[in-house]
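K.L.:
Dropping a prediction and its sequence here:
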Amino acid sequence: MHKRSLQPVDVLLNSLFRNLGILDRIRLESLRRKWHSTFPGSLSIHTAPTELKENRLVISVDSPAWLQHIRFLQKEIVEKIAAHGITQVQFRLGRVRIDEKRKVGEKLAPPEAFRELTGEDVSRISQVVEDIDDAGLRDQIRQTMEKAARRKRRQ
């Protein structure tokens, strides 16, 4: 009989999300939600995390003056977000979208960026979450997977 070793839930979830190709998107969303509290004041108004690839975060800055200023703060910024696994930051001049909750949601993407779930999608998601005992965690993972599956893949 094969004996399985128990693993912490975060290890299993990180592995699952990595296999689904959504781990960086989840980490980025977490950073977006905490951006205002991590960098209170004008810094969070003029900047926003926009891309995350492995341990490198791209931060959009809304003006050339702020872009120049923020480069002097690079080391401090990396130190503040190191808990998210970030080791490098890159700054880029770009649009900084601020909403009251500091998050990006599906409602901001055009409807054509999404598709209906297929029976195969629903079945695969159900198989992944069926052994999760915690109902809240199971629902959260199901919602995350459904959201990822609805988004059309770029060609």
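P.N.:
Perfect, thanks for sending it.
K.L.:
From now on I want contacts and neighbour counts done on CA atoms only, so please keep to that.
P.N.:
Fine.
K.L.:
where do the strands sit along the chain?
P.N.:
All strands of the chain, identified by DSSP state E, fall at 47-53, 56-61, 88-93.
K.L.:
now the last one and strand 47-53, what's the angle there?
P.N.:
What that stands for is strand 88-93. 130 degrees (axes from the mean of the first three to the mean of the last three Cα atoms, to 10 degrees).
K.L.:
partners of strand 88-93 in the sheet?
P.N.:
Paired neighbours of strand 88-93 in the sheet (DSSP bridges): strand 56-61 (parallel).
K.L.:
Could I get the CA-only coordinates of stretch 137-146 as CSV?
P.N.:
What follows is stretch 137-146, C-alpha atoms only, in CSV (Å, rounded to 0.1, in the frame of the first residue of the first chain):
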residue,chain,number,x,y,z
LEU,A,137,-11.4,27.2,0.6
ARG,A,138,-13.1,24.8,-1.9
ASP,A,139,-15.4,27.6,-3.1
GLN,A,140,-12.6,30.1,-3.4
ILE,A,141,-10.5,27.7,-5.5
ARG,A,142,-13.5,26.8,-7.7
GLN,A,143,-14.2,30.5,-8.3
THR,A,144,-10.6,31.2,-9.2
MET,A,145,-10.4,28.2,-11.6
GLU,A,146,-13.7,29.1,-13.2
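K.L.:
where's it relative to the chain centroid, distance-wise?
P.N.:
14 Å (Cα atoms, centre = their mean, to the nearest Å).
K.L.:
out of the strands of the chain, nearest to L12?
P.N.:
strand 47-53 (20.3 Å; Cα to Cα).
K.L.:
how far away is G119 from I125?
P.N.:
As judged by Cα to Cα, to the nearest Å, G119 and I125 stand 10 Å apart.
K.L.:
so what's in contact with those two at the same time?
P.N.:
Listed contacts common to G119 and I125 are nil; contacts here mean Cα atoms under 8 Å, 6 or more residues apart in numbering.
K.L.:
Between the two, which has more neighbouring residues?
P.N.:
Neighbours per residue (other Cα atoms under 10 Å) separate G119 from I125, with I125 holding more: 18 against 9.
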